[in-house]
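S.K.: quick one, what's the 3D model for this:
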Amino acid sequence: MSPSLNPTPGGETLLVWGASSSVGSNAVQLATASGYAVIATASPATMTWFETSAPH
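M.R.: I've put the predicted structure just below:
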């Protein structure tokens, strides 16, 4: 799967550990744009930022 503005769900799930970091947030964005279902983790200290800034 490759990134797209209109991704087609591929039935695959990706776990991104540390999704509020710069690398993690990019991984979430690319995976979402590629059609993956994403499960993301973030520390309690960054959870507020993550909930308001991460793609939904």
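
S.K.: okay, the worst-scoring helix or strand of the chain on mean pLDDT in CSV with CA atoms only?
M.R.: Every helix and strand of the chain was ranked by mean pLDDT, DSSP states H and E. The lowest is helix 47-53, at a mean of 75. Extracted C-alpha coordinates of helix 47-53, given in CSV (Å, rounded to 0.1, in the frame of the first residue of the first chain):
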residue,chain,number,x,y,z
MET,A,47,-1.7,12.6,25.5
THR,A,48,-3.5,16.0,25.4
TRP,A,49,-1.3,17.1,22.5
PHE,A,50,-1.8,13.8,20.7
GLU,A,51,-5.6,13.8,21.1
THR,A,52,-5.9,17.2,19.6
SER,A,53,-3.2,17.0,16.9
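
S.K.: please enumerate the helices of this protein.
M.R.: For the chain, the helices defined by DSSP state H cover 22-33, 47-53.

S.K.: roughly how far out does the first one sit from the chain middle?
M.R.: Read that as helix 22-33. Between the centre of helix 22-33 and the centre of its chain there are 5 Å (Cα atoms, centre = their mean, to the nearest Å).

S.K.: which residues are contacting that helix?
M.R.: Applying Cβ atoms under 8 Å, 6 or more residues apart in numbering, the contact partners of helix 22-33 are 3-5, 7, 14, 16-19, 38, 40, 42, 50, 53-55. Any C-beta I mention is one placed from the backbone N, CA and C, and that applies to glycine too.

S.K.: give me the pLDDT for the residue of the chain positioned farthest from its centre.
M.R.: The outermost residue of the chain relative to its centre, with distances by Cα atoms, centre = their mean, is residue 45 at 18.0 Å. What the model reports as pLDDT for residue 45 is 85.

S.K.: next, give phi and psi for it.
M.R.: phi -70, psi -30 (degrees, to the nearest 10).

S.K.: can you tell me which of the contacts of helix 22-33 has the most neighbours?
M.R.: Among those, residue 16 has the most neighbours (other Cβ atoms under 10 Å), with 24 neighbours.
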